[in-house]
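**Q** Could you look at this predicted model? Sequence included:
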Amino acid sequence: MSETILVVDDEEKIRCTLRGVLADEGFDVVEAADGRRALELLEHVEPRLAIVDVWMPEVDGIELVERMRSHAPHLPIIVISGHGTIETAVRVIRLGAYDFLEKPFQLDALLQVVSRALGEGNVSVDRDGTGPSAAAAPARRLPQRTIARSVVVNGQGLHTGVRTGLILQPLPPGSGIHFGNISSGETVPALIDHVDSTDYATTLARGGMVAKTVEHLMAALHAYGITNVLVKMQGEVPILDGSAVELCALLEEGGVVEQPATVEELVIDRVHALAPEGNGAKGIAIEPADAFEVHYTLDYPAPIGRQTFEFRFTDVDAFRREIAPARTFGFVKEIETLEQMGLASGGRLNNCILVGPDGVVNAPLRFPDEFVRHKILDIFGDFYLLGRPLRGRVTARMTGHSDNAALLRVIRARIGG
């Protein structure tokens, strides 16, 4: 017997398209042009899944999801919207929707979500309101890695402006990643527990040991799967060219070696989210996925504008090609403020993208959307502060290091690191 899918959308053209695609896949489709009619249908029909638009007259999609969860608590609901924001996505997921897709979406992507929703059976809402619990694949045991030999790089700190350098040294299995002071020998583990500051960069601190601007190096370590290494430094990780390209080269120079031990990846099995701020302008969430993925939306006034990029981490080559070259960026109008805060003293035209009112001062860009790719680079680095590889999909809009750290603390508190 064919499974029934309920489609709720006030646009007849959308309903017609979905009806055709779903029918071709062997589903029976029932339709409603508004939320009220959908609720009436649920009195007589028991669909296996519902696809619901957000913006509809009278009963909108958000209210409909709430009422549907009450009426049919185990019904998977996919929410679609042509005016979606991270706020909308987080809100409907918290209400119990299975997934959220922003129009226009690829029909193949919709069918994949439909398949996952039906294949994973019932969807239950967590008591803490963080969304559905998905049947995640078991965590994998991955080989621990270090570098084969010590390597060194010199440069300048972006925020301190001080000449600095790094010495990377191998560590035995089970050691973890540590930042150490070249002079005193004090160390701080690269863990969210020791994040001290997130003002324009991520800083770790413990006792007298302070490691500033660690995110680009952490991103490279994440991509190469390095789990055990000592990073000797003095105050701040050098900014180099503002990206992670030279840090990738440094790790390759040292040689990545597998060790006779494994580490269990951290699997996200339900949605974790921060409450959105500023009328949907800012927010971050993570949900189950079969790899580490980041979907980031950046929306600045001209000359940058809106940029969206999605990166699925498949291997180190993809990271090195698509994310690592993206440089940090700043605005001419903010330089004076940063200097007053004692930051960006090491900013130069060759180690960051500088944006003025008329465009990029030090063109050319490495990618047309280099700004949003750099935000993903930062997320890649910050999320490795959970101490092990991560499997989940991050969706973020206009967020920074402080938001990354806040979500990491939520994850740590709920499922450990």
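**A** That came through, no problem. Owing to the predicted nature of the structure, the values given are computational and were not obtained by experimental measurement.

**Q** who's sitting farthest from the centroid in this structure?
**A** His44 (40.6 Å; CA atoms, centre = their mean).

**Q** Please pull out the lowest mean pLDDT helix or strand from the protein.
**A** When each helix and strand of the chain is scored by mean pLDDT, DSSP states H and E, strand 124-125 comes last, with a mean of 34.

**Q** Ser243 touches His374, doesn't it?
**A** Yes - counting by CB atoms under 8 Å, Ser243 touches His374, with 7.5 Å between them. (C-beta placed from N, C-alpha, C; glycine too.)

**Q** can you list residues touching both of these two?
**A** Common contacts of Ser243 and His374, defined by CB atoms under 8 Å, 6 or more residues apart in numbering, comprise 326-328.

**Q** So what are the structural domains in the chain, by residue number?
**A** Listed by automatic domain parsing, the domain ranges of the chain are 4-135, 141-270+283-415.

**Q** Just give me the neighbour total for the nearest residue to Ala148 once chain neighbours are set aside.
**A** Spatial nearest neighbour of Ala148, chain neighbours left out: Gly255 (3.5 Å); criterion: CB to CB, 6 or more residues apart in numbering. Gly255 sits with 12 neighbouring residues when counted by other CB atoms under 10 Å.

**Q** Next up, the contacts around Gly255.
**A** Counting by CB under 8 Å, 6+ apart, Gly255 makes contact with 147-149.

**Q** What distance do you get for Asp60 to Thr164?
**A** Using CB to CB, to the nearest Å, Asp60 is found at 54 Å from Thr164.

**Q** from what I can see Leu64 touches Leu39, true?
**A** Yes - here Leu64 reaches Leu39: they are 7.3 Å apart, a contact under CB under 8 Å.

**Q** Which one's more surrounded, these two?
**A** Per other CB under 10 Å, whichever of Leu64 and Leu39 has more neighbours is Leu64, with 27 against 16.

**Q** so how far is Leu274 from Arg397?
**A** 11 Å.

**Q** before we move on, the earlier item: dump the residue contacts of the residue farthest from the centre of the chain.
**A** Contacts for His44 (CB under 8 Å, 6+ apart) come out as none.

**Q** Surely it is within a helix?
**A** No - under DSSP: H, G, I helix; E, B strand; the rest coil, His44 sits outside any helix and is assigned coil.

**Q** any idea how far it lies from Leu118?
**A** For His44, the distance to Leu118 equals 21 Å [CB to CB].

**Q** what residues are up against the closest residue in space to Val195 that isn't next to it in sequence?
**A** Take Val195 and drop its neighbours on the chain: the residue closest to it by CB to CB, 6+ apart is Ala405, 5.1 Å away. By CB under 8 Å, 6+ apart, the contact set of Ala405 is 192, 195, 198, 202, 382, 385.

**Q** And for Leu166?
**A** Going by CB under 8 Å, 6+ apart, Leu166 touches 152-153, 217, 231-233, 237-238, 250.

**Q** So which of these belong to strands?
**A** Members of the contacts of Leu166 lying in strands (criterion: DSSP state E): 152-153, 231-233.

**Q** ok, and the most crowded of the residues you listed?
**A** Ranked by neighbour count (other CB under 10 Å), those have Met233 at the top, with 24 neighbours.

**Q** what residues are up against it?
**A** Neighbours of Met233 in contact, by CB under 8 Å, 6+ apart: 164-167, 179-182, 211.

**Q** which one of the contacts of Gly255 has the most neighbours?
**A** Neighbour count (other CB under 10 Å) singles out Ile147 as the most crowded of those, with 24 neighbours.

**Q** Please verify my assumption that that one contacts Gln259.
**A** No - using CB under 8 Å, Ile147 is not in contact with Gln259; the gap is 10.8 Å.

**Q** Alright, I will stop here.
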